[in-house]
Structures are given as structure tokens and as C-alpha cells.
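Participant: no sequence on hand, only this structure:
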């Protein structure tokens, strides 16, 4: 049995945990770079709570609130520079995956005089301490060592990339957040789309974790728990109320913790083919990341089952994973996929040219799948998903 | 929902992981204090593997191999002094709970000019980095921030304690091991008693974790997995073979990982009444720590069930925990306790005077139990267990 496990983030969960546990933030230094998107940090109340906690601690802060969805190399350079020139001691991110991922890159760039290429090549050995306050329940970034960015420029960091923007990631234990503060009250007003898409994101993290070549006993334990928690919220997601705030608070908490646990899973296993494939939807159509994973889920899982049944026929020592996944889901694959379909609604459609072009692109995470899809199989999954 | 989770140790598991993952040890510094008991580190082969890894890394080491079962304040002072005077950069423990717990204290005392009283009062803010290699599967010390020591002296660190030796613990995130190397091959020759007693120790950690006032969703997830893994080895433990090495290696791995996961549990929840109570057996009769917990398990769990049934009768919002535990055990409480009885064999017996004396002692961990036993109840549990 092989295990390689690391998840050093301290997780604090509970109503008002940011303010109540502010002593932990006080240990991080005198001055924070607070990094957020344009709206959700304020709308959720998380920014106010954070400022109150910092003030009570006698800590200063500077604010960078320009993180867009799918943050770019240019955005994180700006934020990093601001932290550096303002002599911040630590970075505090408030928001969904985008501000958290941007904060991780900013924590690196603030104290390393390196280019973004050097950052992607992991040519650094330190980063500012980091605390994060998620305002959505899906990304899991609060418990991962990953920062996923959109790289828009050539090596000089200015000229637009000739081949167009690509998603690239930084993967370093130095950017595990030191603290993750989980307060589901920040999610009470999230609308149906955000709630559903982020839940699908968390679910796909946990499921892909179980279908990774790096899955092990410990990651599977966490993945099963995460999946079970999300499935426990499935009916509520399917019947999402007109008024978001009447979605049960207890379910918000479950979705939040499930998402954090799914982050713990992919921190060990990485993600698999659907994550890389879905990036194309996001880059080309601006599709929400969670929804992109959801669009690929059906075809991918059916393909997995087909392949593993074939493999098992020629080698009875091969261990199929889909039946185990269905046990955790508590239903058969078709029943589950029907429900995902209902959550997704009308699917986006790609043209033949798009599908062909995407299918020949290098798919970094595909090689991390327990059965590695070849180019034809990737094309098939794209076609079945959005063809 | 409240969570307060931290477990920053990197866990490496697999055959030959010490040598194969030696690059991780190379990051810890130039010189190690290797700390072991008198026999098991060498007998298991773990010491040889460690020396090979250190030599391949070009790292020096000094050896402290005088850790006794239930290490004393005097022992850890010696080891800490040796690390300090030899200018060691890190501490590497090989053995069961005793060398690991001793190593944690030595890692503190090596670089803090403090007395042992100051150590127990947590008057320190740094410790040497620590890597651990367990050679038994029970303590869980590889993933906890605890060092449990036998305090034998008065404040001066020399004069024997007037009231006799006591177990005391240091609890600091600074002594979480940085790395835990889990290789079940070091356990292949462990005899029945050590195998069974350490398995009972791990099981009681996971079970007490579920019965702690600090248990939460995440600790319960880990506790359930740990218990399920140990229960999966129960029949093999009951029919332990005459030749230890014919005990299935796959079960050794399961017991080892279960014990590490149980360590992750108590790192969050702490232990409960039986752990404090069992210390008396160890201090007075030299009873193995795991067996001490096992001796108390039956009466403690039956008492818990009796109490929670009564509490539920007066308050239907009270959530009983024993039924949930039985679900994880996969059998009813009586059936489980019968098997524990079979594992324990003939019980030790205490005199009336002993039971009375022990029952009035302060029981630190008792207050951490989901239902706190009073003095009469502690006396009853002692009497039923060893009366």
C-alpha cells in the first residue's frame, strides 16, 4: 500500500469563525494584502468581518479587489507587486477559487523577484503566509497547493500569447493556505447557478480523486465522505428554491465542508481528464468551471465504465472503480447521471472544428486518470458532451 | 457545524519508503539525532534503513538509544542535551510511541534553554524538525502534537517526585512530526502481545475520538475509517499464528495505516476518560498502554450506553453515540466486547485500596469525554474492569 499525504492547512469552521478565531490571523504579521474579486467578498459580508478582525488585532491592510473570474498572469503580477511594495507580511484571500488562486500566486510574487515563467517553473523557495475565506463551496482551493491561472502573455509578461490564453497551474506545498476559515453564512445568498455549479465542481473533485492514478486509501476515505455529503444535498439542489436564502443553511454547511474535503482529496490525487478538457469551455465560452466539469461528467464516466469492463475481461486482477463509486453515490450510474443532467439543463454546443481543435491539444491531467484516454477517446467524450 | 482541524505531517507509506523517499530527509539538515529504544529499531531493520538513507544523503547522525517504555523526564532531558551539544539540525525517531514521544520532547529541549516544567507549561516557540519511523502500529504518535512522558522528579529535575511518578503530556503544534515514514515490513516479526495491544491502542484512539466532546464531522470520518480497518483485521488478531511472520503482511499494513489515521483523529479530539484511567495500570503494574485501554473498554462503553440512554429519555435532542459506533464496528456492542475479552485473556486484578486511591486522582482527559464521568462512576469503571 502506498500513501503520500500532505495537507497542512488549519481548517476552522463555524459561524463567525473569522472574528472569533482572529487570534490566529494576528500571528501572521502586521500588515495584510487582502485580495478579493469585485463583488462577492463585500456582498457576502466576509470583507466586513475580515476588516473587523484585522482592526481588533491592530493589523493594517491594503486591498486588491480586482481579481476577475479565472485570474490572469497580469492580475496576479499586479497583486504580488502591491503586496511587495506595501511590505505586506501576509495575504488574506476572500472569495471563490479565483481570489484564492490569485492570492497564492501573489504570495509567491510578493517576495520573490522572479518572472511569471519562473513562478510556473517553481523557481522559488518561499511565499508569504496565506489565510483564505471561501465565499463559495466548490473550488476546494482552501486546502490545495494549486493556483490555477490563465496565462495570457508571452514570456515577457506583456505581449499577448500568440497561441491564445491557456490555463496553467502552480503546484507547490508553499502555497497551501496556513488557515482556511469556513463560514457558510457567506453562502446564504448564492443563487441557484452558482450553488449548483460549485457543488458540481466539488463533486467532480471528489469523484476524479477516486479515478486518479494517485488515489489511495486515505484520499479515497476523504473522497467518499465528500461525495456522500454532496449526495445528501442533491434533492435540495434539484429543487433549489426561488429565494436562495431559503435553501437550508445546514445544507450550505454540508456543501462547504464537502468542498473543502474534496480539496483535501485533489491536494493528494490531482484532477483527471475532465478538468483539463473543461478548461476549453471556460477559455472559449466563459463557461463556469464547475459547469464545465459537469458537462463532461456523463460521457467520461460512461467511457470509464466501458473501458474498465473491457480491461477486466482480459485481466481479472484489474480493479474496476465505477462500481465502488456507485456504492458511494448510493445509486446506479444512470440514475446519478440523470440527476446531473437535470442540474445542468440545456447543454452548450460546440462546432466540429472546435471539437477537433480541442482534442489534439495536450491534456496534462489526462495522464493522471486511472485509465488514460487517447486522442480519439477525448474527441469522443467532447462530442458526446457538447457535440 | 464546528471544525478545528490541523494535521500538517507529511505521511509517506510504502515498502522501503525510508530509503526511497530519503530526499525528504535530506531537506531537514546536516546532522540528525537518531533516537530509539534499546532493541526494536535495530531488530526491525528500521535503524539500518535509516543509516543507509542518511549516508546516501551525506548526512551525519548521533545516536541516543536509551529510550525506555514510557519515557521519563530524565531520559528526554538527556536526549535533548545530546542533540543540543552535538548541534543536531533535526531529530529522527525510530520505534513505538516511546521513542517518538521522547523525540518530540528532545526536539524541544535541544534548542530551548528551558526546564522540563517550562516545557510542560509550553514556554517555548520553536522545536527542531522531526521525522518519525514507527515500528509498531498503535500509538499514532506519528500524526499527533502530543508527547506523553512519565514525570519522575520535582521541579529541580533531580529529586524524585514525592507523590510518585505521573504521566504528563506536552501538547504543541510545534511537535507534529514533519514526516512520518510508514513501512509495515518493520512490524512483520512483532509477537502476538505487541500486535494485539497496539491494535487495541489504535482502536481505542479512534473510538475515544468518536466519544470526545471535540469530535466533529472530519474527525469522525477518519475515526470510522480507522475502526473499519482494524475490525477488518479482528479475526486475524483473534487467531494470531504461532509464527508472527505468518500474520498477513496486508493486515500489518492495514493496522499501521489505521493506527496513523487514529493518530490524526486524536490530534483533533484528544483522548477521553479511559486513557487517563489506564495510565494508573501502566504506572503501577507496568501494563502495556494499549492493554490498559483495552481493560477499561468494556465497562466504559457499557457505562456510556447506560448514561446516554438515560440522557435521551429526559432530552430527546440528545444524540446517542454508541449506536453509531456499533454501526462502524459492524456488530452489536456485546458481540464486540466479547471479542475484546478474547483478545485480552485473563484480566489483572487491583485491590480495593488501589481502586479507591486511583478514583480520587484528577483525571485530565475525563473532562474531554462526551459524557463526563464523576468520581463514583470512575470508581465503578475501575472496579468493573480490574476489581
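Facilitator: Everything's here; your move. Remember, it's a predicted structure, so these values are computed and weren't measured experimentally.
Participant: what is the end-to-end distance of stretch A:280-292?
Facilitator: Chord length of stretch A:280-292, first to last residue, is 9 Å (Cα to Cα, to the nearest Å).
Participant: how about it: buried residues?
Facilitator: A:280-283, A:287-292 (16 or more other Cβ atoms under 10 Å in any protein chain shown). For glycine as for every other residue, the C-beta is placed from the backbone atoms N, C-alpha and C.
Participant: output the set of residues of the stretch 201-350 of chain A in proximity to chain B.
Facilitator: Counting by Cβ under 8 Å from any Cβ of the partner chain, the residues of the stretch 201-350 of chain A close to chain B are A:217-218, A:221-222, A:225, A:250, A:253-254, A:257, A:261.
Participant: among the residues you listed, which ones are in helices?
Facilitator: Counting by DSSP state H, those place A:217-218, A:221-222, A:225, A:250, A:253-254, A:257, A:261 in helices.
Participant: quick one: the residues you listed as a markdown table, columns for distance to residue B:24 too.
Facilitator: What follows is those, written out as a markdown table (distance: Cβ to Cβ, whole Å):
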| residue | distance to residue B:24 |
| --- | --- |
| A:217 | 20 |
| A:218 | 17 |
| A:221 | 23 |
| A:222 | 22 |
| A:225 | 28 |
| A:250 | 41 |
| A:253 | 36 |
| A:254 | 36 |
| A:257 | 30 |
| A:261 | 25 |
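Participant: tabulate the buried residues of stretch A:280-292 (JSON lines), appending pLDDT.
Facilitator: JSON lines is the format used below for those (pLDDT from 0 to 100):
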{"residue": "A:280", "pLDDT": "94"}
{"residue": "A:281", "pLDDT": "96"}
{"residue": "A:282", "pLDDT": "93"}
{"residue": "A:283", "pLDDT": "90"}
{"residue": "A:287", "pLDDT": "96"}
{"residue": "A:288", "pLDDT": "95"}
{"residue": "A:289", "pLDDT": "94"}
{"residue": "A:290", "pLDDT": "96"}
{"residue": "A:291", "pLDDT": "97"}
{"residue": "A:292", "pLDDT": "97"}
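Participant: and the helix or strand harbouring residue A:61, what does it pack against?
Facilitator: Element membership for residue A:61 (DSSP states H and E) is strand A:60-67. Under the contact definition 3 or more Cβ pairs under 8 Å, 6 or more residues apart in numbering or on different chains; DSSP states H and E, strand A:60-67 sits against strand A:31-37, helix A:46-56, helix A:73-85, helix A:97-109.
Participant: using the centroid of chain A, identify the residue furthest from it.
Facilitator: For chain A, the largest distance from the centre (Cα atoms, centre = their mean) belongs to residue A:314, which lies 36.3 Å off.
Participant: can you report how many residues lie near the closest residue to chain B within the stretch 251-387 of chain A?
Facilitator: Chain B sits closest to residue A:253 of the stretch 251-387 of chain A, with a gap of 4.7 Å, by Cβ to the nearest Cβ. As a burial measure, residue A:253 scores 25 neighbours (other Cβ atoms under 10 Å in any protein chain shown).
Participant: next up, the contacts around it.
Facilitator: Residues in contact with residue A:253 (Cβ atoms under 8 Å, 6 or more residues apart in numbering or on different chains) are A:13, A:184, B:1.
Participant: among those residues, which are in strands?
Facilitator: Among the contacts of residue A:253, the ones falling in strands (DSSP state E) are residue A:13.
Participant: for the contacts of residue A:253, which one is nearest residue B:136?
Facilitator: Comparing the contacts of residue A:253 against residue B:136 with Cβ to Cβ places residue A:13 closest, at 33.5 Å.
Participant: residues near the residue of the stretch 51-200 of chain A at minimum distance from chain B, how many?
Facilitator: Across the stretch 51-200 of chain A, the shortest distance to chain B (Cβ to the nearest Cβ) belongs to residue A:182, at 6.9 Å. By other Cβ under 10 Å, the residues close to residue A:182 number 27.
Participant: give me the distance between the two termini of stretch A:160-174.
Facilitator: End-to-end distance for stretch A:160-174: 29 Å, by Cα to Cα.
Participant: show me how far it is from its chain's centre.
Facilitator: Taking Cα atoms, centre = their mean, to the nearest Å, the mean C-alpha location of stretch A:160-174 is offset from the chain mean by 15 Å.
Participant: before we move on, what about stretch A:176-192?
Facilitator: Distance, stretch centre to chain centre, for stretch A:176-192: 13 Å (Cα atoms, centre = their mean).
Participant: what does the model give the closest residue to residue A:322 other than its chain neighbours for pLDDT?
Facilitator: Spatial nearest neighbour of residue A:322, chain neighbours left out: residue A:305 (4.5 Å); criterion: Cβ to Cβ, 6 or more residues apart in numbering or on different chains. Residue A:305 carries a pLDDT value of 98.
Participant: tell me the helix or strand right after the helix or strand harbouring residue A:305.
Facilitator: Using DSSP H and E, residue A:305 maps to helix A:289-314. Toward the C-terminus, helix A:289-314 is succeeded by helix A:322-329 as the next helix or strand (DSSP H and E).
Participant: which strands or helices does that following helix pack on?
Facilitator: Under the contact definition 3+ Cβ pairs under 8 Å, 6+ apart, helix A:322-329 sits against helix A:192-210, helix A:217-231, helix A:289-314, helix A:333-344.
Participant: residue B:73 is nearest to which of those?
Facilitator: With Cβ to Cβ as the criterion, residue B:73 lies closest to helix A:217-231 of the helices and strands packed on helix A:322-329, at 34.7 Å.
Participant: list the helices and strands the closest one packs on?
Facilitator: If you count contacts as 3+ Cβ pairs under 8 Å, 6+ apart, helix A:217-231 packs onto strand A:3-5, helix A:192-210, helix A:249-269, helix A:322-329, helix B:217-231, helix B:249-269.
Participant: how far does the next helix or strand after it sit from its chain's centre?
Facilitator: Next in sequence after helix A:217-231, counting helices and strands by DSSP H and E, comes helix A:234-238. In terms of Cα atoms, centre = their mean, the centre of helix A:234-238 is set 21 Å apart from its chain centre.
Participant: what is the rounded mean pLDDT of helix A:234-238?
Facilitator: 96.
Participant: buried sites along that helix?
Facilitator: A:234, A:236-237.
Participant: about what we covered before: most tightly packed of the helices and strands packed on helix A:322-329?
Facilitator: helix A:192-210 (a mean of 25; mean count of other Cβ atoms under 10 Å in any protein chain shown).
Participant: got the contact list for the nearest residue to residue A:28 once chain neighbours are set aside?
Facilitator: Closest residue to residue A:28 apart from its sequence neighbours, by Cβ to Cβ, 6+ apart: residue A:90 at 3.9 Å. When contacts are counted by Cβ under 8 Å, 6+ apart, residue A:90 touches A:28-29, A:31-33, A:107, A:128-131.
Participant: still on that earlier bit, if you compare the helices and strands packed on strand A:60-67, which one is most tucked away?
Facilitator: Across these, averaging neighbours per residue (mean count of other Cβ under 10 Å) puts helix A:97-109 on top, at a mean of 30.
Participant: by contact count, what packs against that one?
Facilitator: Under the contact criterion of 3+ Cβ pairs under 8 Å, 6+ apart, helix A:97-109 touches strand A:31-37, strand A:60-67, helix A:73-85, strand A:90-95, helix A:116-120, strand A:130-134, strand A:146-151, strand A:166-171.
Participant: out of these, flag the one nearest residue B:359.
Facilitator: When the helices and strands packed on helix A:97-109 are compared by Cβ to Cβ, strand A:130-134 sits nearest residue B:359, at 45.4 Å.
Participant: pairing partners for the closest one, with directions?
Facilitator: Partners of strand A:130-134 in the sheet, by DSSP bridges, are strand A:90-95 (parallel), strand A:179-182 (parallel).
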